[in-house]
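Chemist: Below is the sequence, then the predicted model.
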Amino acid sequence: MIRFENLTKSFWLKGERKVVIDDLSLTLPAGKSLALLGRNGAGKSTLLQIIAGTMRPDSGRVVSDGTISWPVGLGTSFHGDLTGAENVRFIARIYGVDTAELVRFVENFSELGKFYHMPVRSYSSGMRSRLTFGASMGIRFDTYLVDEVTAVGDAAFRRKSQAVFAARMKEASAIMVNHAMPQLRQFCDAGMVLENGKMQYFDDLEEAIALHEAQLR
């Protein structure tokens with residue numbers, strides 16, 4: 001269960017306050033994987049970061065009774081001056097998992113080769129996504145926050161990523177941002193649409209997709 005209580009977040013843009021989340025109060029059901037839909041700039045990635053605790057709201061709070069991943073796919077998750085392996089060791093200590101096991105899993109999964117032992121600031125955005133996705137899949141969370149990341153890499157790597165993610169979804173749930181509707185239909189069974197700071201929840205994913213596509217038109 002994840003609950004938003006009077007959640008508000010805004011940014012100053014060109015001298016004006018832009019509200020991206022406006023007094024949001026909503027309880028998300030446990031056991032469902034949710035598609036988070038909205039046009040570019042609606043605040044989807046911002047909301048994921050607030051849920052993860054990596055960004056503070058202006059007011060309100062997020063309450064959860066389970067473990068939540070960091071926003072997979074966002075390069076801000078890791079420290080640029082540390083190597084990929086050093087970042088993974090740091091994460092293992094934070095989450096209390098076996099360090100050597102997680103380091104091996106991410107090294108094998110990410111296919112970064114020698115770059116795994118080089119500073120993350122030298123990575124391309126795709127390499128960062130491989131690292132963050134691999135690290136999150138190596139830790140068992142109750143809810144995974146996923147931001148476009150299953151589209152990273154070549155066809156073989158995408159198939160591997162989707163297979164691992166599907167395996168995790170048998171035991172966990174997700175909040176997933178993706179512009180590819182087929183992937184959302186593959187992994188999600190309900191949806192949310194964020195527009196002008198307001199959120200609508202739909203038990204039926206197709207209803208959420210229909211509203212989102214209508215707003216884009």
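Modeler: Arrived safely, thanks for sending. Residues are numbered from 1 along each chain as shown.
Chemist: the strands in the protein, which residues?
Modeler: For the chain, the strands defined by DSSP state E occupy 2-13, 16-28, 34-37, 59-64, 68-72, 143-147, 173-177, 190-195, 198-202.
Chemist: now for the last one, which elements pack on it?
Modeler: Spelled out, that is strand 198-202. When contacts are defined as 3 or more CB pairs under 8 Å, 6 or more residues apart in numbering; DSSP states H and E, strand 198-202 packs onto strand 16-28, strand 190-195, helix 205-216. Quick note: C-beta positions are derived from backbone N, CA and C, even for glycine.
Chemist: Quick one: the ones you listed as JSON lines, columns for mean pLDDT, mean neighbour count and distance to Thr143 too.
Modeler: Formatted as JSON lines, the helices and strands packed on strand 198-202 follow (pLDDT from 0 to 100; neighbours: other CB atoms under 10 Å; distance: least, CB to CB, whole Å):
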{"stretch": "strand 16-28", "mean pLDDT": "95", "mean neighbour count": "15", "distance to Thr143": "9"}
{"stretch": "strand 190-195", "mean pLDDT": "96", "mean neighbour count": "21", "distance to Thr143": "13"}
{"stretch": "helix 205-216", "mean pLDDT": "95", "mean neighbour count": "16", "distance to Thr143": "17"}
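Chemist: Arg158 is nearest to which of the strands of the chain?
Modeler: Of all the strands of the chain, it is strand 143-147 that lies closest to Arg158, at 13.4 Å by CB to CB.
Chemist: Let me see the residues that make contact with that closest one.
Modeler: Outside strand 143-147, the residues that touch it by CB atoms under 8 Å, 6 or more residues apart in numbering are 2, 44-45, 48, 51-52, 64, 66-74, 136, 165, 168-169, 172-178.
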